[in-house]
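Colleague: with the input below, show me the fold.
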Amino acid sequence: MGASGRHEIDVEQDGSLRKRSNSSKNYVYPTSSNHPGMIAMPMEERRHFAFLIPLFVVANIVVFILTMYYNDCPKKTDTTCIARWLGRFSFQPWSENPLLGPSALTLRRMGGLDRDLVINKDEGWRLVSCMWLHAGVFHLLANMIGLLLIGLRLEREFGSIRIGIVYVVSGFGGSLLSALFIENQISVGASGALFGLLGASISDLITNWTIYAHKCMALWSLIIIVAVNLAFGLMPHVDNFAHIGGFLGGLLLGFVFLVKPQYGWVNLRDVRAADLPVSKHSPIQYILWVVSLVLLLAGYTAAVVALFKDVNANKECSWCHYLSCVPTSRWKCD
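Modeller: Model (predicted):
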C-alpha cells in the first residue's frame, strides 16, 4: 500500500472481504458462518445519544403532576380523598379511581379523548393530547417503565427523530381506533404509543433479519409480550383499541423508518463495485417498505374520514367490541 492511505482488499476462499490498512480504525468484515447475526460494518458502530425517550417520560410525569394539581380532590370532592395529607395533590376515592389518580371530569377537561368533543366540538387535538395523560399513579408507572425498557434501545439504535415519529404517529393511530369504537368513555394514556414501539421492534427484526443474532428467540419473546398485554386489555376499563391501533401503526412505521443495510453491504469507496452486493437493501426490504407505506397512508386516511363523518364502527363490526372487553362471570363490559 502506498503513502496515499488506500486500502487493500483481499477476497478469502470463503468469499468474505477482509481489509489490510495502516489506518488507525479497526474494520472487520465477518462471514455469517463465523459471526452469525453481525453486520459487515465498522466495529465502532455509531450509537445515538438517547434523550427523547427520557424527555417523553419527564413530560408525562409533569403532565400528571399538573393534572393532580388541577384536580384538587379536597376542594372539589365531598367524599374522603386518598392521602389527604398531600393537599390538592391527594387522590380520588378508591371507589371512583382505584389507580390513584384524578377524576374522570378532570381528565376530560385536561384533554382526555372524548369522541363527542372530537366530532361535534371540533376538538381533534384530543387525539394527541390524550397520549400525555394518565388515569393514575399505577397507570403512569407501568407505561413509563415500559417506555424506558423498549424506547431507549430503539432510540440508541435508530436515532431520536425516527423513534419520535414512530411514538407520536402510532399513538395517534391508537387514538383514532379508540375514538371509532369507544363512544361514552374518556380514554387516556401512552399505551397506544408504547404498543407502537413494540410493533416497531417486531418490524425491525423482520426487515433487518440478516443482521441480528438470536432473532427467532427475540421475535417470539416480543410476540408473547404483545399477546399477554393484549390479553390484559380484554378486561373492563382498559382501552384495548388504543393498544391494537398503536401496535398496527408502529408495525407499519417500523417497516418504513427502521430499515438498515442488508448483511454484507460495505460502504467503502475504494472497493470495486464487483466486490459488493448489488444493492444496499434486499428486495424484501423494498417490498415491505412500499406495502407498509401504502397501508399506513390508506389506513390513517380512512380512519380520519370515518371518524369525522361520525361512522359508528361498532355497527360496521358487530363483534369487534370483544377485542376490548370479553364478559365473564367475574365482570361485565357495560
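Colleague: show me what counts as buried in stretch 321-328.
Modeller: His321, Leu323, Ser324, Cys325 (16 or more other C-beta atoms under 10 Å). Every C-beta, even on glycine, is put in place using the N, C-alpha and C of the backbone.
Colleague: those: which two are farthest apart?
Modeller: Maximum pairwise distance among those (C-beta to C-beta): 8.3 Å, between Leu323 and Cys325.
Colleague: what do these two both touch?
Modeller: Listed contacts common to Leu323 and Cys325 are Leu234, Asn240; contacts here mean C-beta atoms under 8 Å, 6 or more residues apart in numbering.
Colleague: in this protein, where is pLDDT below threshold?
Modeller: For the chain, the stretches with pLDDT under 70 are 1-46, 78, 263-278, 334.
Colleague: the strands in it, which residues?
Modeller: Applying DSSP state E to the chain gives strands spanning 8-11, 17-20.
Colleague: ok, the buried residues of stretch 321-328 vs Thr301, which is closest?
Modeller: Using C-beta to C-beta, Leu323 comes nearest to Thr301 of the buried residues of stretch 321-328, at 21.9 Å.
Colleague: just give the nearest non-adjacent residue to that closest one, would you?
Modeller: Of all residues not flanking Leu323 in the chain, Asn240 sits nearest, at 5.9 Å (C-beta to C-beta, 6 or more residues apart in numbering).
Colleague: before we move on, what about Pro102?
Modeller: Pro102's closest residue in space is Asn71 (C-beta to C-beta, 6+ apart), at 3.7 Å.
Colleague: check contacts around the residue nearest to the spatial centre of the chain.
Modeller: Nearest to the centroid of the C-alpha atoms of the chain, with distances taken as C-alpha atoms, centre = their mean, sits Leu197, at 2.0 Å. The contact partners of Leu197, taken as C-beta under 8 Å, 6+ apart, are Leu147, Ile150, Gly151, Leu154, Ile163, Val166, Tyr167, Ser170, Gly250.
Colleague: change it to 6 Å
Modeller: Ile150, Gly151, Gly250 (C-beta atoms under 6 Å, 6 or more residues apart in numbering).
Colleague: give me the neighbour count for Leu251.
Modeller: 24 (other C-beta atoms under 10 Å).
Colleague: ok, now Ile225?
Modeller: Neighbours of Ile225 (other C-beta under 10 Å): 15.
Colleague: same thing with the one 5 residues further on?
Modeller: When counting by other C-beta under 10 Å, one arrives at 17 neighbours for Leu230.
Colleague: surely Ala179 meets Arg115?
Modeller: Yes - at 4.9 Å, Ala179 counts as touching Arg115 under the criterion of C-beta atoms under 6 Å.
Colleague: which one of those two has more residues nearby?
Modeller: Taking other C-beta under 10 Å, Ala179 and Arg115 do not tie; Ala179 has more neighbours (29 against 21).
Colleague: relative to Arg126, how far out is the more buried one?
Modeller: Distance, Ala179 to Arg126, by C-beta to C-beta, to the nearest Å: 8 Å.
Colleague: which residues are in contact with each of those two?
Modeller: Shared contacts of Ala179 and Arg126 (C-beta under 6 Å, 6+ apart): Val118.
Colleague: how far off centre is stretch 236-253?
Modeller: In terms of C-alpha atoms, centre = their mean, to the nearest Å, the centre of stretch 236-253 is set 9 Å apart from its chain centre.
Colleague: name the residues of it that come out as buried.
Modeller: Under the neighbour-count criterion of 16+ other C-beta under 10 Å, stretch 236-253 has 238-253 buried.
Colleague: out of those residues, list just those in helices.
Modeller: Judged by DSSP state H, the subset of the buried residues of stretch 236-253 located in helices is 240-253.
Colleague: mind putting these in TSV, distance to Leu205 included?
Modeller: TSV is the format used below for those (distance: C-beta to C-beta, whole Å):
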residue	distance to Leu205
Asn240	24
Phe241	25
Ala242	23
His243	20
Ile244	20
Gly245	21
Gly246	18
Phe247	15
Leu248	16
Gly249	17
Gly250	13
Leu251	11
Leu252	15
Leu253	14
